[in-house]
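J.: generate a structure from the sequence data that follows.
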Amino acid sequence: MRIERFEKHPGVRVAFSGRAEGNQASHTGLEPGEVAAARAALAGRHGLGPLRGAFMSQVHSATVATAPAPGAAVPEADALLDAEGGLAPVVLTADCVPVAIAGSVGKRTVLAVAHAGRPGLLGGVLEATLEALREQGASELEAGIGPAVCGACYEVPEAMRAEAEASLPGISSVTSWGTPALDLPGASAALLERAGVLVHSSHACTLEDRAWFSYRGGDKAPRNATLLWVGDDREPASSPRRGEEPIKEEAK
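T.: Numbers count the residues shown, from 1 in each chain. Next up is the predicted model:
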């Protein structure tokens, strides 16, 4: 587990859970009771309460939904917007890119999380999320990019790389073993930066680091969770795991 604070929004927290915190996904066929216990433990660890987390049914779309209130139906979407900053929107991943974004509307904090897998990223999920935030009047946008498969590990067919590059220039990459690849975290960061967002990255690869669940690494059902919430700005950020860098601004 890592928990970090943002620079422009010191009261905002973003936490990345991994293997040590257990599977956070209820939709992949694993024991529901174990998932509920893992979610409750994760929320309790941060003083969020079991009902504050807001989830979505992710389908690799560009759909942005309002974060559901406790007890409400879970929306089918790949981005959640909390206009009041009172919930803790959650995105689940196991190689795809989790993106957490905070912005200001006067003295109010607006939050959003997005699930940027290859189809969603190419389909405009991050642009749609930024549009939803700006429709709320949000400014001073700041984003955290969590653990995801890196551009040196996400191997794809050459035709897929070429098609993706045509859609989103700069996304193409090469694996460490010399085959075609896509750099989803790098492309996500570049897209957000071009839109004027201050971007931070965990620089953690889910396939390289067993601290995280990885679909390509054999974890077909369990998922990592990225949570975003407004916390106590006196709360210190935790230290990164050994071998990890703290979240920092991406190089321009």
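J.: can you tell me the helix or strand for the residue of the chain most remote from its centre?
T.: Within the chain, the residue lying farthest from the chain centre (C-alpha atoms, centre = their mean) is Gly178, at 27.7 Å. Of the helices and strands defined by DSSP states H and E, none includes Gly178.
J.: again with Ala36
T.: helix 32-45.
J.: partner strands of whichever helix or strand comes after that helix, parallel or antiparallel?
T.: Proceeding N to C from helix 32-45, the next assigned helix or strand is strand 53-54, under DSSP H and E. Sheet pairing of strand 53-54 (DSSP bridges) gives strand 88-93 (parallel).
J.: partners of the helix or strand following the strand it pairs with in the sheet?
T.: The helix or strand immediately downstream of strand 88-93 is strand 97-105, counting by DSSP H and E. According to DSSP bridges, strand 97-105 forms sheet pairs with strand 108-116 (antiparallel), strand 139-145 (antiparallel).
J.: nearest to Glu7, out of these?
T.: Nearest to Glu7, of all the strands paired with strand 97-105, is strand 139-145, at 6.7 Å by C-beta to C-beta. Using the backbone N, CA and C atoms, a C-beta is placed for each residue, glycine as well.
J.: about what we covered before: backbone dihedrals for the residue farthest from the centre of the chain, both of them.
T.: Gly178 adopts backbone torsions of phi 90, psi 20, taken as degrees, to the nearest 10.
J.: Arg19 too?
T.: Dihedral angles (degrees, to the nearest 10) for Arg19: phi -60, psi -40.
J.: cool, Ala79 as well?
T.: Backbone torsions for Ala79, taken as degrees, to the nearest 10, come to phi -150, psi 140.
J.: okay, and the beta partners of it?
T.: Bridge pairing for Ala79 - DSSP bridges - gives Val64, Ala114.
J.: any idea how far it lies from Asn23?
T.: Taking C-beta to C-beta, to the nearest Å as the measure, Ala79 falls 22 Å from Asn23.
J.: with neighbour numbers in mind, choose between these two.
T.: Taking neighbours as other C-beta atoms under 10 Å, Ala79 and Asn23 compare with Ala79 leading, 30 against 23.
J.: let me see the contact set for the more buried one.
T.: Contacts for Ala79 were tallied using C-beta atoms under 8 Å, 6 or more residues apart in numbering; they are 56, 62-65, 112-115, 125, 128-129, 132.
J.: is it possible to export those to TSV including neighbour count, pLDDT and distance to Gly103?
T.: Shown next, in TSV, are these (neighbours: other C-beta atoms under 10 Å; pLDDT from 0 to 100; distance: C-beta to C-beta, whole Å):
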residue	neighbour count	pLDDT	distance to Gly103
Met56	23	95	19
Ala62	20	98	19
Thr63	16	98	20
Val64	22	98	14
Ala65	19	98	17
Ala112	28	98	8
Val113	31	98	13
Ala114	32	98	13
His115	25	98	19
Val125	26	98	17
Ala128	19	98	15
Thr129	26	98	11
Ala132	21	98	10
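J.: which of the residues you listed sits closest to Ser201?
T.: Ala114 (14.5 Å).
J.: is the closest one in contact with Val91, as I believe?
T.: Yes: applying C-beta atoms under 8 Å, one finds Ala114 in contact with Val91, separated by 6.6 Å.
J.: average pLDDT for stretch 186-206?
T.: Mean pLDDT, stretch 186-206: 96.
J.: buried ones in it, by neighbour count?
T.: Across stretch 186-206, burial judged by 16 or more other C-beta atoms under 10 Å covers 186-193, 197-206.
J.: the spatially most central residue of the chain bridge partners, please.
T.: Centroid-nearest residue in the chain: Pro98, 1.8 Å away (criterion: C-alpha atoms, centre = their mean). Under DSSP bridges, the beta-bridge partners of Pro98 are His115.
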